[in-house]
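Colleague: I need the structure of the sequence given here:
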Amino acid sequence: MTQRTDTGYGPPIESRADLLAVFSGGEKPRDDWRIGTEHEKFVFRCDDHRAPSYDEKGGIRDLLMGLTEFGWAPVRETGPNGQENVIALSGADGTISLEPAGQFELSGAALQNLHQTCAEAARHLGQCKMIGDRLGLGFLGLGMWPDKTRAELPVMPKGRYQVMLNYMPKVGGLGLDMMLRTCTIQVNLDYASEADMVKKFRVGLALQPVATALFANSPLTEGKPNGFKSFRSHIWEDTDPDRTGMLPFVFEDGFGYERYCDYMLDVPMYFVYREGRYIDVAGESFRAFLDGKLPQMPGEKPLVTDWVDHLSTAFPEVRLKSFLEMRGADGGRWGRICGLPALWVGLLYDDSALNSAWDLVKHWTIAEREKLRHEVPRLALDAQTPGGRSMREFAGEVLEIAATGLTNRAQLNSAGDNEGGFLDPLREVVATGMTPADRLLDKFENEWHGDVRRIYSEFSF
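Modeller: Residues are numbered from 1 along each chain as shown. Modelled structure (predicted):
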């Protein structure tokens, strides 16, 4: 989730134009388009596989502080008891932050090509491994904790998470699982104009189930198969209907910044950040805030930073801020961290690929998109796409389009290779018909004979 790394507040919102300016301000010429990759992983104690708390010796705080020897700078936040806690790190490779139960996230820097992205991921994982070995900590790349109950997991001392933990059970049955038990890989991408944003948003949203299928990696819950290939993706279907889903209005005529702004104004608020603290306004209206009518802050009107914060509290399959976020993939191991941005950069950063991808999905109806979104978490590659094709066959065609896009980009490394090789882990999924979830279930049911503890030795980074 988005992590504040500054203490500034910005100017007040004077008009609707200030709201829209956040979106239009993201427009960039093609030469300035960048790739920002986010990836989360579970942290566990090597001796007993327990999820470490923040405060314990050798726990999450010590892991954060250990990483400062690589040049990362601590980001502090005042906790409920008035104590300052280090809850993130900032540096040249982006931001390291904590998810609610201590899931460790790198929100990477804005980079020019996938070679840089993969090098960044390797640096980060190497640093984590070095400090983790010293502290007796390991890291898992999965979409969901395979064995932990909610009660077994710690909660990190971050103000926004306390607000969300209180609010989630009021609006959905699985929101706490989303917060405490899941990990994802995401990629953030740029757009040149409002029209370019719209086309990328539509293609990204329609094809998000492809990413969910290829990256499906959460088939176990509390040590047993849960009946899904991506239970993480299913969780989002019962988290909070006000701020999740496939956003049918994105495909309506006239969609653009104005329509997304209206959507976000209707998403209930979580918090307002003031004086280093998060004020709980969960369920309140940002429209009321614009009128100075928040019950918790009577007479006070929002700043631009409040709007930016609010944009980070919606969780559709694709999210718009001053860039587009692709949000449909489970967490995974090292090659998949590079594979997700390769998929979306190939599809969205080359015009011919973008047009080809749009041709695949532009005739799908709302009902067809929703049906596919609902079926893929359980079936993954065995789902049927609109028109009756298997997801496995359809994903293969999508990967070929992405590969063409990466070839056309002609971003070469020192050996003269383009970015297409980063699609290889996804090509293997299509070629074998085996998602990460299928391989994990095969291990669990056969080689491990149902002993989920084997995952810590065989699937850690």
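
Colleague: In a strand, R336, correct?
Modeller: No: applying DSSP: H, G, I helix; E, B strand; the rest coil, one finds R336 to be helix, outside a strand.

Colleague: Give me the phi and psi for the nearest residue to it once chain neighbours are set aside.
Modeller: Computed as C-beta to C-beta, 6 or more residues apart in numbering, the closest residue to R336 that is not its neighbour in sequence is P425, at 5.8 Å. Placement of C-beta: from N, CA and C, glycine included. Main-chain torsions, P425, degrees, to the nearest 10: phi -60, psi -30.

Colleague: neighbours of P425, just the number please.
Modeller: The number of residues packed near P425 is 21, by other C-beta atoms under 10 Å.

Colleague: That one: what's it in contact with?
Modeller: 335-336, 339 (C-beta atoms under 8 Å, 6 or more residues apart in numbering).

Colleague: Out of those residues, which one has the lowest pLDDT?
Modeller: Least confident of those in the model: G335, at 90.

Colleague: Quick check: nearest residue in space to that residue, chain neighbours excluded?
Modeller: Closest residue to G335 apart from its sequence neighbours, by C-beta to C-beta, 6+ apart: P425 at 4.3 Å.

Colleague: about what we covered before: R16: which of the contacts of P425 is nearest?
Modeller: Nearest to R16 out of the contacts of P425 is G339 (C-beta to C-beta; 39.4 Å).

Colleague: Look up how far P74 lies from that closest one.
Modeller: Note on G339: its distance to P74, by C-beta to C-beta, to the nearest Å, is 31 Å.

Colleague: What about the contacts of P425, which one has the most neighbours?
Modeller: G339 leads the contacts of P425 on contacts (other C-beta under 10 Å) with 27 neighbours.

Colleague: Just to be sure, it is in a helix?
Modeller: Yes: assessed by three-state DSSP, G339 belongs to a helix.

Colleague: these two touch, right, it and R427?
Modeller: No: at 9.3 Å, G339 does not count as touching R427 under the criterion of C-beta atoms under 8 Å.

Colleague: A216 is in contact with H234, isn't it?
Modeller: No: look at A216 against H234 with C-beta under 8 Å: they stay out of range, at 10.5 Å.

Colleague: Between the two, which contacts overlap?
Modeller: P377.

Colleague: Those two: who's more crowded?
Modeller: For the pair A216 and H234, the greater number of neighbours falls to A216 (30 against 22), based on other C-beta under 10 Å.

Colleague: buried set for stretch 342-355?
Modeller: Neighbour-count burial for stretch 342-355, counted by 16 or more other C-beta atoms under 10 Å, picks out 342-350, 353-354.

Colleague: go on, stretch 391-398?
Modeller: Here stretch 391-398 shows 391-392, 394-398 as buried, counting by 16+ other C-beta under 10 Å.

Colleague: for the record, mean pLDDT for the biggest strand by length in the chain?
Modeller: With secondary structure taken from DSSP state E, the chain has its longest strand at strand 35-45. In this model, strand 35-45 has an average pLDDT of 98.

Colleague: Leaving out chain neighbours, which residue sits closest to L135?
Modeller: Spatial nearest neighbour of L135, excluding adjacent residues (C-beta to C-beta, 6+ apart): G58 at 4.3 Å.

Colleague: and the one you found, what element?
Modeller: If you go by DSSP states H and E, G58 is not part of any helix or strand.

Colleague: pLDDT score for it?
Modeller: 98.

Colleague: and what of T5?
Modeller: 51.

Colleague: got it, and L67?
Modeller: 98.

Colleague: And for it, the neighbour number?
Modeller: Using other C-beta under 10 Å, L67 has 21 neighbouring residues.

Colleague: Now it. Its backbone dihedrals?
Modeller: L67 adopts backbone torsions of phi -70, psi -10, taken as degrees, to the nearest 10.

Colleague: go on, G387?
Modeller: phi 100, psi -10.

Colleague: confidence score at it?
Modeller: Confidence score, pLDDT, at G387: 92.

Colleague: Now for the nearest residue to E317 once chain neighbours are set aside: which residues touch it?
Modeller: Among residues not flanking E317 along the chain, Q208 sits closest, at 4.3 Å (C-beta to C-beta, 6+ apart). Listed by C-beta under 8 Å, 6+ apart, the contact set of Q208 reads 246, 317-318, 326-328, 373.

Colleague: 10 Å instead, please
Modeller: Residues near Q208 by C-beta atoms under 10 Å, 6 or more residues apart in numbering: 233, 246, 316-318, 326-329, 344, 369, 372-373, 376.

Colleague: what does V430 give?
Modeller: 213-214, 381, 391-400, 423.

Colleague: Kindly indicate which of these lies nearest H115.
Modeller: For the contacts of V430, the nearest to H115 is L423 (13.5 Å; C-beta to C-beta).

Colleague: My reading is that that closest one is in a helix; is that accurate?
Modeller: Yes: assessed with three-state DSSP, L423 lies in a helix.

Colleague: That one is in contact with A402, isn't it?
Modeller: Yes: applying C-beta atoms under 10 Å, one finds L423 in contact with A402, separated by 6.2 Å.

Colleague: Settle it for me: which of the two has more neighbours?
Modeller: Using other C-beta under 10 Å, the more surrounded residue of L423 and A402 is A402, with 29 against 22.

Colleague: Apart from its neighbours in sequence, what residue is nearest the more buried one?
Modeller: G346 (3.1 Å).

Colleague: Then A353?
Modeller: Nearest to A353 is G405, by C-beta to C-beta, 6+ apart, at 3.1 Å.

Colleague: picking that back up, would you mind pulling up the elements that the longest strand of the chain packs against?
Modeller: strand 94-98, strand 104-108, helix 114-135, strand 137-140, strand 184-189, strand 324-330, helix 334-348, helix 455-458 (3 or more C-beta pairs under 10 Å, 6 or more residues apart in numbering; DSSP states H and E).

Colleague: Put together CSV for these, with distance to E84 on each row.
Modeller: Output for the helices and strands packed on strand 35-45, formatted as CSV (distance: least, C-beta to C-beta, whole Å):
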stretch, distance to E84
strand 94-98, 15
strand 104-108, 20
helix 114-135, 21
strand 137-140, 23
strand 184-189, 29
strand 324-330, 30
helix 334-348, 31
helix 455-458, 33
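
Colleague: Could you name the stretch from these that's closest to Y270?
Modeller: Between those, strand 94-98 lies closest to Y270; by C-beta to C-beta that is 16.5 Å.

Colleague: In this structure, where is pLDDT below threshold?
Modeller: Where the chain drops to pLDDT under 70, the residues are 1-9, 80-81.

Colleague: Report the outermost residue of it with respect to its centre.
Modeller: Distance from the C-alpha centroid of the chain, by C-alpha atoms, centre = their mean, peaks at G299 (35.0 Å).

Colleague: what secondary structure does the closest residue to that one other than its chain neighbours sit in?
Modeller: Spatial nearest neighbour of G299, excluding adjacent residues (C-beta to C-beta, 6+ apart): G292 at 5.1 Å. Following three-state DSSP, the label given to G292 is coil.

Colleague: Thanks a lot, catch you later.
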